[in-house]
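Asks: pasted the sequence and its predicted model underneath.
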Amino acid sequence: MAQRNEANEETNSAAAAGHLRDADENDSFFMGFALGEARLARDAGEVPIGAIVVIDNQIVGSGHNHPIGSSDPTAHAEIIALREAARRIGNYRLTEATLYVTIEPCAMCAGAIVNARIKRLVYGAADLRAGGVDTVFQICTNGSLNHQVEVTSGTRAEDGRRLMQAFFKQRRKNKPDDDSANLANNDEGGRRLEVASDDDE
């Protein structure tokens, strides 16, 4: 809660100072908090993905990957942030919310985003192997569903990508040689390693 209060004080100060003047600046600013959550995941030995939920320039939910530590396959950053936001506002529909995520959400998280009626999704780097929003599936904008989400991609993508690549590079370094290939090719905590490089975007 202390971390949340500090974050909201910073968002209020930034808004008062006129720092959130346009959508790109606003998105970059809030993605910084999601990246902070990703670093918490990294420090806990989890895949470094972070997410925050924002309503009216206030952070109402935050989360980072925690499936390994919690023994919960659904404990992705987005799910944790959505749950916290819904509890905080007292409604499972988050119709005025923007969700910021450092990496493109997977299919499970994209479905949860639709079910929560999130108004807007902003994510960083694309997930080439398991992206549920743009690259593999297009769940958030699927016209067959009863809600579509406005999607903005590529916000501070390089920052999120570097966190992921550095994390897995370190993990491979710490593993015996015969395990390196398996680690690189398998899911780690429910999220994929392969994110788009600058050449892919």
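Replies: Happy to help now that I have it.

Asks: measure residue 143 to residue 53 for me?
Replies: As judged by C-beta to C-beta, to the nearest Å, residue 143 and residue 53 stand 25 Å apart. All C-beta atoms are positioned from the backbone trio N, CA, C, and that covers glycine.

Asks: do the same with residue 157
Replies: For residue 157 relative to residue 53 (C-beta to C-beta), the value is 20 Å.

Asks: how about stretch 46-56, which residues are buried there?
Replies: Judged by neighbour count using 16 or more other C-beta atoms under 10 Å, the buried positions of stretch 46-56 are 46-55.

Asks: from those, which land in strands?
Replies: 50-55 (DSSP state E).

Asks: looking at the chain, which helix is longest?
Replies: helix 23-43 (DSSP state H).

Asks: need the contact list for the spatially most central residue of the chain.
Replies: Against the mean C-alpha coordinate of the chain, by C-alpha atoms, centre = their mean, the closest residue is residue 101 at 2.3 Å. Contact partners of residue 101, counting by C-beta atoms under 8 Å, 6 or more residues apart in numbering, are 34, 49-51, 77-78, 109, 121-124.

Asks: could you pull up phi and psi at it?
Replies: When read as degrees, to the nearest 10, the backbone of residue 101 gives phi -140, psi 140.

Asks: thinking again about what came up before, would CSV of the ones in strands among the buried residues of stretch 46-56 with distance to residue 147 and pLDDT be doable?
Replies: Shown next, in CSV, are those (distance: C-beta to C-beta, whole Å; pLDDT from 0 to 100):
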residue, distance to residue 147, pLDDT
50, 24, 98
51, 19, 98
52, 21, 98
53, 16, 98
54, 18, 98
55, 17, 98
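
Asks: kind regards, and thank you for your time.
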